[in-house]
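Peer 1: Turn this into a model:
(one chain, ligands or ions: 1)
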Amino acid sequence: MRLAEIIELRPVPAAGLLATLTRRCPLSCAHCSTSSGPRGEDTPAGALRRFVGGFTPEDRPEVLMLTGGEPLLRPALVADLAALAAAAGTRTSVLSGMFFAADGRVPDRILRALRHVGHFSASVDVFHEREVPRAAVFRAMHRIRETGMDVSFHVTGTAADDTYLTDITAAIRGEFRDQAAVLVNHIRPVGRAAGWASARTVPLRDTTDEGPSSPGLTAPCAMAAWPTVAFDGSVTACCNQRVVDARPVPEHLRLGHVADDDWAAIRRRCQESPVLRSIRTAGVGSCTDCRALGGRPAALDAARRAGSRPAAGAMDALGARLQRDAGAATLLRRYGSDRYASLVLLGGPGTREVPG
Ligand code: SF4
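Peer 2: Just a heads-up that it's a prediction; the model follows:
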């Protein structure tokens with residue numbers, strides 16, 4: 001499974017499920033603000049297994065994305081979830097900080113965990129490189145690729161003109177002969193939690209992620225499309241870290257809990273919530289505005305009414321289809337690093353169109 005296939009599905013409601021397996025992480029990257037650390041919480045394993053085990057060939061997400069913290073601190077859980085998902089036809093992707101690869105090797109327990117995984121992505125940036133050397137990450141990624149799995153890199157820099165980005169993207173392209181896709185993001189005030197799945201939440205050209213939106217400017221939010229399982233099993237409507245970590249989760253952004261709900265119920269709420277339809281098709285301002293919607297009854301009611309109109313479902317589906325058809329690079333021009341967006345096509349049919 002190629003990275004571009006996954007990114008294309010990102011605006012499609014319930015096409016994917018993001019699952020945080022833990023807030024533990026053995027690394028201490030300076031830019032990580034997901035509250036991850038050596039003693040973070042683990043997401044309840046039994047409830048997660050039951051939830052993913054409830055996928056059926058007729059009703060399942062296309063993609064299950066496992067993230068953290070460091071998901072591979074729970075290799076048995078990764079193996080079980082990927083096997084359960086595969087039994088229903090769902091493909092699994094894992095994002096790792098590569099804590100296990102300091103000597104360039106991939107331990108057997110990690111290779112076993114990845115047996116049913118269809119895509120593997122490594123986080124690389126100036127902070128990770130201080131913890132795990134680049135050469136060791138590259139060696140380990142070659143080993144994972146040898147198993148037949150598609151691999152990619154999630155690279156983060158300070159801004160489009162960050163020379164680190166020029167250097168690391170050229171190094172990856174040379175080392176993997178343009179056969180590993182790269183997703184480039186810029187460091188944001190909120191964490192990397194959902195990693196390359198989240199990219200930037202609301203496009204910066206239209207509004208700001210955490211600040212107040214510019215008067216009169218509001219943008220549809222494609223990120224309100226994949227349910228996200230938080231560290232305590234709560235399921236949120238988006239992967240914005242402040243939504244994932246907020247307790248209580250704002251009611252209009254809460255889809256349920258893996259211990260109480262099955263996939264069919266979560267999928268239905270994600271696809272049919274009038275407020276989420278409004279957020280996806282019209283937007284309600286910045287993420288800050290959106291999270292605070294519950295405190296503005298008139299705005300919440302307007303979003304609910306707009307999303308309840310007879311044509312709202314069709315508009316939602318059309319918007320998702322148009323964004324999917326536009327392709328992964330187009331989506332990342334809005335949500336990732338515009339300058340490097342085409343690198344998501346590396347390793348696939350679009351490789352020859354990627355500028356050298
Ligand atoms: S907080 Fe609202 S606007 Fe921001 S990513 Fe989540 S759903 Fe989208």
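
Peer 1: Need the phi and psi values for the residue lying farthest from the centre of the chain.
Peer 2: Here the centre of the chain is the reference, and by CA atoms, centre = their mean the most remote residue is A298, at 31.3 Å. For A298, the backbone dihedrals (degrees, to the nearest 10) come out as phi -70, psi -40.

Peer 1: Next one, pLDDT for it please.
Peer 2: Note on A298: pLDDT of 96.

Peer 1: Check R130 too.
Peer 2: On the pLDDT scale, R130 gets 89.

Peer 1: which SSE is it in?
Peer 2: Taking DSSP states H and E as the criterion, R130 maps to helix 126-131.

Peer 1: And that helix, how far out from the chain middle?
Peer 2: Distance of helix 126-131 from the chain centroid (CA atoms, centre = their mean, to the nearest Å) equals 21 Å.

Peer 1: Identify each buried residue in that helix, please.
Peer 2: 126-129 (16 or more other CB atoms under 10 Å). Any C-beta I mention is one placed from the backbone N, CA and C, and that applies to glycine too.

Peer 1: what's the answer for stretch 51-71, then?
Peer 2: Applying 16+ other CB under 10 Å to stretch 51-71 flags 51-55, 60-71 as buried.

Peer 1: ok, now stretch 149-166?
Peer 2: With the criterion 16+ other CB under 10 Å, stretch 149-166 contains buried residues 149-157, 162, 165.

Peer 1: ranges for the strands of the stretch 1-150 of the chain?
Peer 2: Taking DSSP state E, counting those that start in this stretch as the criterion, the stretch 1-150 of the chain carries its strands at 16-20, 63-67, 91-96, 119-125, 150-157.

Peer 1: how far out from the middle of the chain is the second one?
Peer 2: Think strand 63-67. 8 Å.

Peer 1: Report all helices and strands that that strand contacts.
Peer 2: The contact analysis (3 or more CB pairs under 8 Å, 6 or more residues apart in numbering; DSSP states H and E) places strand 63-67 against helix 3-9, strand 16-20, helix 75-88, strand 91-96, helix 195-198.

Peer 1: partners of that strand, with directions?
Peer 2: strand 16-20 (parallel), strand 91-96 (parallel) (DSSP bridges).

Peer 1: Return the helix or strand containing D325 as CSV; C-alpha atoms alone will do.
Peer 2: Secondary structure assignment for D325, by DSSP H and E: helix 312-326. Provided in CSV are the C-alpha atoms of helix 312-326 (Å, rounded to 0.1, in the frame of the first residue of the first chain):
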residue,chain,number,x,y,z
ALA,A,312,-26.0,18.1,2.8
GLY,A,313,-25.1,14.4,2.5
ALA,A,314,-24.7,14.6,-1.2
MET,A,315,-22.6,17.8,-0.9
ASP,A,316,-20.4,16.0,1.7
ALA,A,317,-19.9,13.0,-0.5
LEU,A,318,-19.2,15.1,-3.6
GLY,A,319,-16.6,17.2,-1.7
ALA,A,320,-14.8,14.1,-0.5
ARG,A,321,-14.8,12.6,-4.0
LEU,A,322,-13.5,15.7,-5.6
GLN,A,323,-10.6,15.9,-3.1
ARG,A,324,-9.8,12.2,-3.5
ASP,A,325,-9.8,12.6,-7.3
ALA,A,326,-7.5,15.6,-7.1
